[in-house]
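**Q** heads up, no residue letters with this:
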Ligand SMILES: [Zn+2]
Ligand SMILES: [Zn+2]
């Protein structure tokens, strides 16, 4: 974005469409059907996932920071219930994503059918510990970045302990499998963002995943959806 465009966006955000004055610049109103209500409420997946591997491209509906500013001012006086539109939008987005996760899980299960349930359970244990390490590392980095060195160190100690547990679990798993099949990359699907995670992905890769923009973006969308549901429920019970 050029400096000029950045300045324009900033002013839009601050003042809404009122700064257009009586200029000829024609704008639609924030309540227009063509305006993305999720964008007004700052939760459109097209914004949240932009720049990630699952970038959705441009939203089909209008995104305009000035209209969001107008809406924020107007919504102080009146309820517009755009939360309903946003909830429908996010609900269908998440449902699509969960369907994809199911399909991916099913095709994985088919390809790994030959592994016995017992061995699969052992592999599952390694998966769990591996992901725990990734999550803890991401957390430690977050704490470190916030300057919370002591807490970050505590989490790192936990990482060490979990690594030991993982090595043990790996040993148990390895000894139950012929060497050749152990080498095969075993995958699982992330329940949050439906990305594939490898059983043998190293800590670094997993930390990148759990602390990454894509995974965190999905957490944000899911949390937003929950917030919208709670908000709308509070009206239905009135
Ligand atoms: Zn949108
Ligand atoms: Zn994920």
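**A** Okay, I see it. Computed from a predicted structure; not experimentally measured. Ligands and ions are numbered 1, 2, ... in the order given.
**Q** SS state for residue 163?
**A** Using DSSP: H, G, I helix; E, B strand; the rest coil, the structure places residue 163 in helix.
**Q** ok, now how distant is it from residue 221?
**A** Counting by Cβ to Cβ, to the nearest Å, the gap from residue 163 to residue 221 is 31 Å. Using the backbone N, CA and C atoms, a C-beta is placed for each residue, glycine as well.
**Q** What of residue 83?
**A** 15 Å.
**Q** try residue 149
**A** Distance from residue 149 to residue 221, by Cβ to Cβ: 32 Å.
**Q** Looking at those two, which one has more neighbours?
**A** residue 221 (22 against 10; other Cβ atoms under 10 Å).
**Q** packing partners for the one helix or strand that one maps to?
**A** Following DSSP states H and E, one finds residue 221 within helix 213-236. Judged by 3 or more Cβ pairs under 8 Å, 6 or more residues apart in numbering; DSSP states H and E, helix 213-236 is in contact with helix 45-48, helix 82-111.
**Q** Spell out whether that helix and ligand 1 are in contact.
**A** No - Helix 213-236 does not reach ligand 1 (Cβ under 5 Å from the ion); its nearest approach is 11.8 Å.
**Q** Could you give me the buried positions within that helix?
**A** 214, 215, 216, 217, 218, 220, 221, 224, 225, 227, 228 (16 or more other Cβ atoms under 10 Å).
**Q** I'd say the fourth one and residue 49 touch.
**A** Yes - in terms of Cβ atoms under 8 Å, residue 217 counts as a neighbour of residue 49; the distance is 4.8 Å.
**Q** For the residue nearest to residue 136 when sequence neighbours are not counted, which residues are in contact?
**A** Of all residues beyond its chain neighbours, the one nearest residue 136 is residue 159 (4.8 Å), with distances taken as Cβ to Cβ, 6 or more residues apart in numbering. Residue 159 sits next to 133, 136, 137, 140, 203 when contact means Cβ atoms under 8 Å, 6 or more residues apart in numbering.
**Q** Please narrow the residues you listed to those residing in helices.
**A** Residues from the contacts of residue 159 lying in helices, with DSSP state H as the criterion: 133, 136, 137, 140, 203.
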